[in-house]
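Chemist: have a look; sequence and predicted model below, questions after that.
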Amino acid sequence: MSSGRGPIQFAKQIALRRLDSHPAWPRTAYRLECEAADVYQDESGQALKELKDNGEIDRKDINVGGTQRVYFTRPETPIPEPEDEIQHAVRQFEAFLTTCGYFGNLVTYVALCKIHDELGDYITGFDVLPEAPRPYLLNNPGREPDAVVLLPDEKVPIEVYNGGDYLGTNTRKHSQLTDLSTNPDGSLPTNPILVNHRSDDDIKRSVRNMNGLVIDTGLILACENKHDGIQDVLETLHLERRIDFVPEMETADGVALDGSDYDDLSRGQADVDIIHPPSKLTPAADDLPDQFLQRIRGGIQLQYVNSIYREDHAPMTSDACFVLQEIYNILLREGGHTRQRIIDKGWDKATDRYRRLKSVEQRKPAILDETQSLLNRLRDERIITERNGELHARRAEHPQQDLTF
């Protein structure tokens, strides 16, 4: 669906349609329903605001299972009874999303295991670790990340959110990412990644300032073996198109995992050798949606490209790294380009973004020679591929589909 007034008008129609069939409708379910039509929460939120400003709807805070939840109603509509059908469905849906959270941690780790299988022989020091207490590794930040990726000179704690909220800087996950970021004294380079279905620009910029990254998968995944009966709830809330069901994750040794098992590992209630080394779970990645794998792959590969700048370089190579980052972002978004074309586009983007490069125009040929060398390095490490005279980001989509960086 195109951007602008069209999506907002569409979202208004959905909201009023729901109130035609029921006196009060949950805001979260409405926002997720809009997402199934590619109308995201900034636009659906604006639609509700305009309807409220026009006096067509009102907000009601309703107690659902002891917790206040936001609904919208027509202004004259009273609060529905506690055992209302929709409130009952909301309780079941929220319990379902809790178990989806555990499953999200597991499937993200499975995706990371697959990426390790692809890159582990080409990047020295690249490793993937499952959720577990790691005070020795992360300098005891008081957090147990949902997974850890080790790059040659950096530690990358991974936080996962597989729920329905559209994440911003006011969420608990942002606090966790902040806790896991590099120490103020710089003694421990830990640059976090957030994996979620979608997030706003503020959290992306904030995590980028931590030398981290946000990966928007666009998907909420659930284990199809664990949710008998949830289909009726999803249909009641018009969310049957918003959840992607995948099978249990099966290890190379034939152990089936549904998500809560992964959480048990972090609490010492199961043997972590079930899922480590990463080769134990690489085969399970065949059951993951291509979009999920490609965006996580794009995020990890982009984080690696960004990390090259933070290696110990001469100024010329550091300048080339700025160009390299722009090149890789373009390849993730646009697909293949000839070397000369992508280098020209990367230089133009980098000089627009980095004032430093505008002052060293006289050194452009030398900087671009160094950029060529870095591209050869990425080709040798399988971060990019070169075929038919064009460079491509290897089997990846950009992790941030709605941003220019």
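Modeler: That came in fine, so what should we check first?

Chemist: how about Val255: what's its closest non-neighbour residue?
Modeler: The spatially closest residue to Val255, leaving aside those adjacent along the chain, is Ile274, at 5.6 Å (Cβ to Cβ, 6 or more residues apart in numbering). The C-beta positions use only the backbone N, C-alpha and C, and glycine is treated the same way.

Chemist: OK, contacts around the one you found?
Modeler: Applying Cβ atoms under 8 Å, 6 or more residues apart in numbering, we find Ile274 in contact with Thr251, Asp253, Val255, Leu257, Asp261, Leu265, Lys280.

Chemist: for the fourth one, phi and psi?
Modeler: It refers to Leu257. Backbone torsions of Leu257, given as degrees, to the nearest 10, read phi -120, psi 140.

Chemist: and the helices in the stretch 251-400 of the chain, which stretches?
Modeler: Secondary structure of the stretch 251-400 of the chain, counting by DSSP state H, counting those that start in this stretch: helices at 260-266, 290-309, 315-334, 339-353, 355-358, 364-380.

Chemist: right, and these - which one's nearest Tyr102?
Modeler: The minimum distance between Tyr102 and the helices of the stretch 251-400 of the chain falls on helix 260-266, with 4.9 Å, by Cβ to Cβ.

Chemist: residues contacting the closest one, please?
Modeler: Helix 260-266 has contacts (Cβ under 8 Å, 6+ apart) with 99, 102, 105-106, 109, 130-133, 144, 270-272, 274-275.

Chemist: same deal with stretch 199-218?
Modeler: Counting by Cβ under 8 Å, 6+ apart, stretch 199-218 makes contact with 42, 156, 166-169, 171, 174, 177-178, 181-182, 189, 191-198, 291-292, 295-296, 298-299, 302-303, 306, 310, 399-403, 405, all of which sit outside it.

Chemist: with stretch 347-357 instead?
Modeler: Surrounding stretch 347-357, the residues in contact under the criterion Cβ under 8 Å, 6+ apart are Asp319, Phe322, Val323, Gln325, Glu326, Asn329, Ile330, Lys358, Lys364, Ile367, Leu368, Phe405.

Chemist: please work out how many residues are found near the third one.
Modeler: The local packing of Val323 (other Cβ atoms under 10 Å) involves 27 other residues.

Chemist: kindly report the same for the second one.
Modeler: Number of residues near Phe322 (other Cβ under 10 Å) recorded here: 21.

Chemist: assess the claim that it and Tyr309 are in contact.
Modeler: Yes - assessed by Cβ atoms under 8 Å, Phe322 is found in contact with Tyr309 at 7.2 Å.

Chemist: burial count for Thr282?
Modeler: Thr282 sits with 19 neighbouring residues when counted by other Cβ under 10 Å.

Chemist: who touches it in this structure?
Modeler: Taking Cβ under 8 Å, 6+ apart as the contact definition, Thr282 lies against Cys113, Lys114, His116, Asp117, Ala252.

Chemist: what's the angle between the strand or helix carrying the fourth one and helix 290-309?
Modeler: Here Asp117 sits within helix 85-119, counting by DSSP states H and E. Following axes from the mean of the first three to the mean of the last three Cα atoms, to 10 degrees, one obtains 50 degrees for the angle between helix 85-119 and helix 290-309.

Chemist: and after helix 85-119, which helix or strand comes next?
Modeler: From helix 85-119 onward toward the C-terminus, using DSSP H and E, the following helix or strand is strand 127-130.

Chemist: chain center to that next one: distance?
Modeler: Average the C-alpha atoms of strand 127-130, do the same for its chain, and the two points are 18 Å apart (Cα atoms, centre = their mean, to the nearest Å).

Chemist: so which bits of it are buried?
Modeler: By neighbour count with 16 or more other Cβ atoms under 10 Å, strand 127-130 contains the buried residues Val128, Leu129, Pro130.

Chemist: each with direction, which strands does that strand pair with?
Modeler: Sheet pairing of strand 127-130 (DSSP bridges) gives strand 147-151 (antiparallel).
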